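J.: quick check, what structure comes out for this input:
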Amino acid sequence: MRHLQRLQQLTLRAFSTTTRQMRNTVPEQQRIFQADNGLPVHIKGGTVDVILYRITMTITLAGTAYSLYCLLTACYPKKK
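T.: This is a model prediction of the structure:
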């Protein structure tokens with residue numbers, strides 16, 4: 001029974017304390033996103049944001065095209 005209590009204390013300690021100090025990066029991110037450099041806000045994060053934006057737009061356009069195709073095929077009766 002003592003082993004279970006000790007295990008519980010160790011797990012609580014491991015999750016409640018941090019082993020390293022976290023650095024506050026909010027002011028740095030605010031400076032980047034509030035800069036007036038002519039870029040849209042969804043691209044200001046860098047290359048990763050540009051890639052994610054393009055992937056999202058590709059998936060959105062492909063889904064829209066597929067849904068329009070399904071609607072078009074549903075409008076016409078099937079040939080017997």
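
J.: quick check: next helix or strand after the helix or strand of the chain with the lowest mean pLDDT?
T.: Across the helices and strands of the chain, mean pLDDT, DSSP states H and E gives its lowest value to helix 2-16, namely a mean of 68. Next in sequence after helix 2-16, counting helices and strands by DSSP states H and E, comes helix 26-34.

J.: how far off centre is that next one?
T.: 19 Å (C-alpha atoms, centre = their mean, to the nearest Å).

J.: how about stretch 56-63?
T.: 16 Å.

J.: and stretch 33-52, by the same measure?
T.: Taking mean C-alpha positions (C-alpha atoms, centre = their mean), stretch 33-52 and its chain are 15 Å apart.

J.: look up how far His42 lies from the residue most central in space within the chain.
T.: The residue lying closest to the centre of the chain (C-alpha atoms, centre = their mean) is Leu52, at 8.6 Å. Plainly put, Leu52 is 9 Å away from His42 if you go by C-beta to C-beta, to the nearest Å. (C-beta placed from N, C-alpha, C; glycine too.)

J.: could you do Tyr76 as well?
T.: Distance from Tyr76 to His42, by C-beta to C-beta: 39 Å.

J.: neighbour count: these two, which is higher?
T.: Neighbours were counted for Tyr76 and for His42 using other C-beta atoms under 10 Å; His42 has more, 11 against 7.

J.: find me the pLDDT at that one, would you?
T.: If you check His42, the pLDDT there is 83.

J.: many thanks, I have nothing further to ask.
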